[in-house]
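1. This is the structure alone, sequence omitted:
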C-alpha cells in the first residue's frame, strides 16, 4: 500500500446552497476533497446527504455558490468531460442479471469508447486491471445475477475503477450487507483510495466505521454541512447532538454510539 503523502484539493465548494426550487436543504457550505482521501458523508435520514452528493456530482444544480473540480467550475465542464472526472456508484443500480461480470465492468469505459461501444486494447486492459484490483478476475465470466450482494458491490466498484476517474462517489455502498461485509467494503475503499490515488466520497449510516477508517467526515445536520477529521468531529461535540438523547448517545471515550 502506498504511503500517504501531502495531497492537493481535487474538488472544492464555496458558499454553496443546495436543495430545490421550493426548499433550501443546506446553505453556506464550504468543503474540500483532497486527492487520495476517503471521505464519508454522514447525517440522519432526510438530512440532505443524497442532495449534497447529487449537487457535488453535477446531477443537481446548486442554488448558489460554486463547485470546482481540478480548479475548473463544474458548470463549465461538459457532460463528456465530467464522466472522465467523476464516477458514481448508486445503491439501487439497474442492470441486466444476464450481463457477465466483465461486461458490467466494461460499461465503465463508455466515456472513452467509440459510438459503437467497441473496446480498444486500452479499454480491455483497464477492465482487467480493475478486476484484478478488486480480486474478482476469477468471476469475470459469471452472470451478475448469480452473485451475492457483497460480490456485486465489488463489481460496481470495479466498474468505477475501470472508468479511471480521479473522483468516485458512492451512495450507501454497504446497504444490505452484514457487518463483516460492511467492514470489508469500507476497508476496501480505504485501500483503493491509497493504491489508485483516487478520492472516494460516500454517504453512509455506518458512522462508527466511518470514524475509524476515513480521512475526513462531512456531517449534514440541521441545514448545515460541516467537514472535519474524525478526531476533530469527535472533539467538537456535534455527534452528541446528532440524535435525540432518549435512545442513543455518542461516547467520545470509545468513539461509538451506544444504546441507552
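-> Happy to help now that I have it. Computed from a prediction, not measured in an experiment: that's the story for all the values here.
2. pLDDT below threshold where in this protein?
-> By pLDDT under 70, the low-scoring segments of the chain are 1-7, 92, 115-116.
3. For it, just list every one of the helices.
-> 49-56, 79-83, 101-106, 121-133, 149-162, 179-195, 207-213, 230-236 (DSSP state H).
4. Reformat the ones you listed as TSV; add distance to residue 253 and mean neighbour count.
-> The way it works is simple: take the backbone N, C-alpha and C, and place the C-beta from them, glycine included. Putting the helices of the chain into TSV (distance: least, Cβ to Cβ, whole Å; neighbours: other Cβ atoms under 10 Å) gives the following:
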stretch	distance to residue 253	mean neighbour count
helix 49-56	27	23
helix 79-83	44	13
helix 101-106	43	23
helix 121-133	37	17
helix 149-162	32	22
helix 179-195	22	17
helix 207-213	13	18
helix 230-236	10	16
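5. Make TSV out of those helices and add distance to residue 249.
-> TSV is the format used below for the helices of the chain (distance: least, Cβ to Cβ, whole Å):
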stretch	distance to residue 249
helix 49-56	21
helix 79-83	41
helix 101-106	42
helix 121-133	39
helix 149-162	31
helix 179-195	21
helix 207-213	13
helix 230-236	13
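6. Of these, which is nearest residue 259?
-> helix 207-213 (12.5 Å; Cβ to Cβ).
7. ok, and what's touching that closest one?
-> Contacts of helix 207-213 with the rest of the structure, by Cβ atoms under 8 Å, 6 or more residues apart in numbering, involve 38, 40, 42, 182-183, 186-187, 189-190, 204, 217, 230, 233-234, 239, 255-257.
8. one step back: of all the helices of the chain, which lies closest to residue 17?
-> Per Cβ to Cβ, nearest to residue 17 of the helices of the chain: helix 49-56, 9.3 Å.
9. Show which residues not belonging to the closest one make contact with it.
-> Under Cβ under 8 Å, 6+ apart, the answer for helix 49-56 is 11, 13, 16, 18-19, 25-26, 29, 41-43, 60-62, 67, 169, 171, 201, 203, 218, 220, 225.
10. for stretch 226-243, same thing?
-> 30-32, 43-44, 207, 210-212, 214-219, 221, 249-250, 252, 255, 257.
11. and it, how far from the chain's centre?
-> From the chain centre to the centre of stretch 226-243 is a distance of 20 Å (Cα atoms, centre = their mean, to the nearest Å).
12. do stretch 95-113 as well
-> Distance, centroid of stretch 95-113 to centroid of chain: 19 Å (Cα atoms, centre = their mean).
13. before we move on, what about stretch 107-124?
-> 23 Å.
14. same question, stretch 54-68
-> 16 Å.
15. cool, and stretch 50-64?
-> 14 Å.
16. Same question for stretch 136-148.
-> 23 Å.
17. repeat for stretch 184-197
-> 11 Å.
18. Just give me the neighbour total for residue 76.
-> Residue 76 has 9 neighbouring residues, counting by other Cβ atoms under 10 Å.
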